[in-house]
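J.: From the sequence below, what's the structure:
(2 chains)
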Amino acid sequence: MTTTRRVFGKSIGKTFTAVALAAASFGVTSAFAQETIKVGVLHSLSGTMAISETVLKDTILMEIEAINAKGGLLGKKLEPVVVDPASNWPLFAEKTRQLISKDKVAVIFGCWTSVSRKSVLPVVEELNGLLFYPVQYEGEELSKNVFYTGAAPNQQAIPAVEYLMSKDGGSAKRWVLLGTDYVYPRTTNKILRAFLKSKGVAEADIMEEYTPFGHSDYQSIIAKIKKFSAEGKKTAVVSTINGDSNVPFYKELGNQGLKATDVPVVAFSVGEEELRGVDTKPLVGHLAAWNYFQSLKNPTNDEFIKQWSAYAKAKGIAGHKDKALTNDPMEASVIGFQMWAQAVTKAKSTDTDKVIAAMAGQTYKAPSGIMSMMDAKNHHLHKSVFIGEIKADGQFNVVWKTPGPVKAQPWSPFIPENKGKPDEPVVAKK
Amino acid sequence: MKWLQGLLGGLFLAGVSAALALTPDQALRIAQGESDARIAALNEVVVAADPALAAYVQALLADEVKVAGGKALIVRDGKATDAATGASSPLPDGAEDVVNPNRVRRELESALAALKLFSPNRAERAKAVTELKDQADEGKLVLIEKAEKTETDAEIKAQLALLKAAVLISSADRTKRLAAAQLLADSDQPATKSLLIERVAAETDSEVKAALSKTLSTVAGRLAWGERFGVLFTGISLGSILLLAALGLAITYGLMGVINMAHGELIMIGAYATYLVQNLFKQWTPGAFDWYIVAAIPFSFVASALVGALMERTVIRWLYGRPLETLLATWGISLILMQSVRTLFGAQNVGVENPSWLSGGVQVLPNLVLPYNRLAILAFAALVLLGMALLIGKTRLGLFVRGVTQNRRMAACVGVNTARVDTYAFALGAGIAGLAGCALSQVGNVGPDLGQGYIVDSFMVVVLGGVGQIAGTVYAGLGLGVLNKLLEGWQGAVLAKIMVLAFIVIFIQKRPQGLFALKGRSAE
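T.: Residues are numbered from 1 along each chain as shown, chains lettered A, B, ... in the order given. Okay, the predicted model is just below:
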């Protein structure tokens, strides 16, 4: 009992210090409000998406600290304003309004799920704010006020499916499209369905399944996949499950003994972080498609991992202080942040329109090993695509990659209505 | 390594000469290059059934092979040996890991299984046959035929014949296809079903096609049972979870009449208690980590029971007979509990690991695996139910609880300390919620809002079963579980949830007293 109490006491103490520190830093900085550039951080720190988003908040804080250590931007220090929208989509819009109107932030780094981005979008457009969105998504959107540093479907989903169709990927002929029930999986699966059909896959060979957010009982889904795979040729599963549902999903997958050599599962929202705490030995060989993996070997990535583990250790970030993991959205956050900082320096201002103009064509040496470039027009990055297989230690073996960076197609050519849409944001004339 | 020696012996018995040793060049070609070339190299060596290959393939599968200086090396504990010759060699700096994508690994696994077909150990041969069940291809045909000739065990021999049929079914020879189609009717493997579906579509000869279709319907019929049992099991498993979550509420709400909105949070506290015990075990007795769950069971009960007793003593006892106020007060308590947990442990989910004996599952039928953690929860729910039934039905405390809930004033008149009985009963209900939390930590995520996901379900089960009826709770829990899973199989998880809710709303409209109504004088 005593030990328990001590643990309790310790964490209470820690929390209080953290709160006190935060309060102190806000107090001090707000006294010199004129001297700083405010940076909004809008990631869920609680609720079903906290498993994925919390670490992105820490990534941005790390980058801010690093820039401040070098003297800040335009001679001013950066000041983070962290809010918790708690995986609650309408709250994302409210917090955005608060960040832009009340806190007067110059830029917001935030969102993971597309439903949260869709909820934020009208607010940043109305108030002419600036949002950097660091996660792969379904495309079908191009706003002047948003920079998308994650992958568009042609930079993740389509190459992954193409790989599974190839001989090396197992020549899959039948497809299970499995996702959480919201806009990203639905739209991605719509695009994939059209893509598969264009490759000659019959309607009967595609099964689509959705589960609610936070779903935790995947028994019947796995049973269905097993049944479906016994009804014809080689089957593959494309998973767009988001958030903490992935843990019970992969646990059940392992327990039911569905091996990657029989039915491979490729996931678009599962990285090193989501697999923490899951026994990955039964999952060896299941796949993920990303534009970055921690296991990539290049000097920039080594440097990035070193910086992150040092930061995690210094700040005592739960989990990471003992076992630092990096992942694709973290890398995308870093690229977005660095490009924003470069654009601010180039524009010599934090004014939204000037920064947007300066963002076009920005480059940054990314941890994925390429020179990452912001497209001159379409607000998306040119990215390399990697496909990795889960290893027994929770890391990924890269088994396939594109020869070079791929330009994003936010308007997927596989959706007929997209024909003729311009590859740049259209601003309504006032 | 013992099996390897056995394998060697087996090979000699089988009259296969081991003269064709694995050459360094072959070892290298298996380890590097395009997948196609690697697989071709592997198949080339496999036919020779060289025992050195088995050791090498195992090392490849364990990610222990590196390539350096044009040689394939097996690296164990920092020591490198040449894959082909077995001579130890220094590990060069630039050694590259061999990456095996799924396709290559699949081939490696089936090669290994094919080699094991010659093991003198019967169990090992039987296992190899099962492993090969969906990976038999022409490359293995020679080995399978060879094994079939020497096999003495009738059961394995029959399995080998099936394996051979699975390969021969795509043979160019019509009579062979026909024979294979008829033979495969004995198979009970899902892989056979998909193979047959493929062949039926591709077959041109009408007689063979008819035989294939007949075999397909036999195999599919056999597999359908596995699917039906599967649905039933998942339903009962979900039902057992619902039952566990609702049992505590069956006492606090069912028997005592307290609309306890903090019930979900009591479950959550049980789950966090499990997490704490896990951490203590991890820190102090890592050797006994697999048994932390046994210690966590009483601990989670006590933790939630204490919180429950505290709630009852401080708040709820002032509100008996005022349902609206109780509802609001307990809802407030639930918010306080959630926020306290957030402050203490952070807003993120905490990781509760399954002990190794709760990971994996038991294969009952070829297409039905029952996961151990689900089975354990099923048994646990039955035990908790039994314990609770005995406590309420057979003990003095249970007698008092029943007496007080049926007629408080009469119970007080005959000398029962009703206030104390209330506290005990509430603490018992809370403790059982804690046990539910302990069980839930093994299948789901543990976070501050874990309870929110179960509060609605728990009330649904108790109300549907009939308030005050523990037997009703059992039927309602299992019934809802099976219903939910049936609907999920038919319409998907999202619609199934809606349909279950709609069903309950309609049911309660028609029958407000629930499945089982109290009869006689105790009914008010």
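J.: can you tell me the residue of the stretch 201-350 of chain B closest to chain A?
T.: residue B:347 (3.3 Å; C-beta to the nearest C-beta). Bear in mind the C-beta positions are built from the backbone N, C-alpha and C, glycine included.
J.: Report the contact partners of the closest residue to that residue other than its chain neighbours.
T.: Ranked by C-beta to C-beta, 6 or more residues apart in numbering or on different chains and with sequence neighbours excluded, the top spatial neighbour of residue B:347 is residue A:46, at 3.3 Å. Going by C-beta atoms under 8 Å, 6 or more residues apart in numbering or on different chains, residue A:46 touches A:84, A:86, A:87, B:342, B:347, B:348, B:448, B:449.
J.: so where's the chain shaky on pLDDT?
T.: Chain wasn't specified; assuming chain A. Scanning chain A for pLDDT under 70 picks out A:1-34, A:277, A:428-430.
J.: I was thinking of chain B, sorry if that wasn't clear
T.: B:1-21, B:49, B:134, B:136, B:518-524.
J.: Identify the residue nearest the geometric centre of it.
T.: For chain B, the residue nearest the mean C-alpha position is residue B:371 (2.8 Å; C-alpha atoms, centre = their mean).
J.: So the residue nearest to residue B:347: helix, strand or coil?
T.: coil (DSSP: H, G, I helix; E, B strand; the rest coil).
J.: Can you list the buried residues in stretch B:66-74?
T.: For stretch B:66-74, a neighbour-count test (16 or more other C-beta atoms under 10 Å in any protein chain shown) marks B:66, B:67, B:68, B:71, B:72, B:73, B:74 as buried.
J.: Straight-line length of it, end to end?
T.: Chord length of stretch B:66-74, first to last residue, is 6 Å (C-alpha to C-alpha, to the nearest Å).
J.: quick one: it to chain centroid distance?
T.: Its chain's C-alpha centre and that of stretch B:66-74 lie 39 Å apart, by C-alpha atoms, centre = their mean, to the nearest Å.
J.: any idea which helix is longest in chain B?
T.: helix B:206-249 (DSSP state H).
J.: Distance of residue A:227 relative to residue A:268?
T.: 24 Å (C-beta to C-beta, to the nearest Å).
J.: Could you do residue A:278 as well?
T.: Taking C-beta to C-beta as the measure, residue A:278 and residue A:268 are separated by 17 Å.
J.: what residues does stretch B:25-32 touch?
T.: Stretch B:25-32 is contacted by residues B:37-38, B:41-42, B:44-45, B:56, B:60, B:65, B:67, B:70-72, B:83-84, B:98 when judged by C-beta under 8 Å, 6+ apart.
J.: 6 Å - rerun?
T.: Here stretch B:25-32 makes contact (C-beta atoms under 6 Å, 6 or more residues apart in numbering or on different chains) with B:38, B:41, B:42, B:45, B:65, B:67, B:72, B:83, B:84, B:98.
J.: where does the first one fall, helix, sheet strand or coil?
T.: In this case it means residue B:38. Recorded secondary structure, residue B:38: helix (three-state DSSP).
J.: Just give me the neighbour total for it.
T.: Close neighbours of residue B:38, defined as other C-beta atoms under 10 Å in any protein chain shown, add up to 22.
J.: same check, this time on the second one
T.: Residues lying near residue B:41 (other C-beta under 10 Å) number 19.
J.: Excluding sequence neighbours, find me the nearest residue to it.
T.: That would be residue B:29: by C-beta to C-beta, 6+ apart, it lies 3.8 Å from residue B:41.
J.: what's the helix or strand for that neighbour?
T.: In this assignment (DSSP states H and E), residue B:29 forms part of helix B:24-31.
J.: How about the residues of the stretch 51-200 of chain B by chain A?
T.: With C-beta under 6 Å from any C-beta of the partner chain as the criterion, the stretch 51-200 of chain B comes near chain A at residues B:99, B:101, B:102, B:103, B:105, B:106, B:190, B:193, B:194, B:197, B:198.
J.: picking that back up, show me what contacts the residue of the stretch 201-350 of chain B closest to chain A?
T.: A:45, A:46, A:50.
J.: Residue A:196 is in contact with residue A:414, correct?
T.: No - using C-beta atoms under 6 Å, residue A:414 is not in contact with residue A:196; the gap is 9.4 Å.
J.: between these two, who's got more neighbours?
T.: Just comparing residue A:414 and residue A:196: by other C-beta under 10 Å the higher neighbour count belongs to residue A:196, 22 against 19.
J.: That one and residue A:173, how far apart?
T.: The spacing between residue A:196 and residue A:173, counted by C-beta to C-beta, is 10 Å.
J.: Any chance you could list what contacts stretch A:261-277?
T.: Contact with stretch A:261-277 is made by A:55, A:156, A:160, A:170, A:229, A:235-240, A:242, A:246, A:286-288, A:294, A:325, A:327-328, A:394, B:102, B:105-106, B:351, as judged by C-beta under 6 Å, 6+ apart.
J.: Point out the residues in the stretch 351-500 of chain B that sit beside chain A.
T.: Residues of the stretch 351-500 of chain B found near chain A (C-beta under 6 Å from any C-beta) are B:351, B:359-361, B:369, B:371, B:444-445, B:485, B:488-489, B:492-494.
J.: Get me the contact residues on chain A for chain B.
T.: A:4, A:11, A:15, A:45-46, A:50-51, A:54, A:168, A:170, A:181, A:209-212, A:216-217, A:219-220, A:223, A:227, A:230, A:232-233, A:244, A:247-248, A:255-257, A:260-261, A:264, A:277, A:279, A:285, A:397, A:399.
J.: Who are the packing partners of the next helix or strand after the longest helix of chain B?
T.: Proceeding N to C from helix B:206-249, the next assigned helix or strand is helix B:263-284, under DSSP H and E. Helix B:263-284 is packed against helix B:292-314, helix B:418-440, helix B:452-465, with contacts defined by 3 or more C-beta pairs under 6 Å, 6 or more residues apart in numbering or on different chains; DSSP states H and E.
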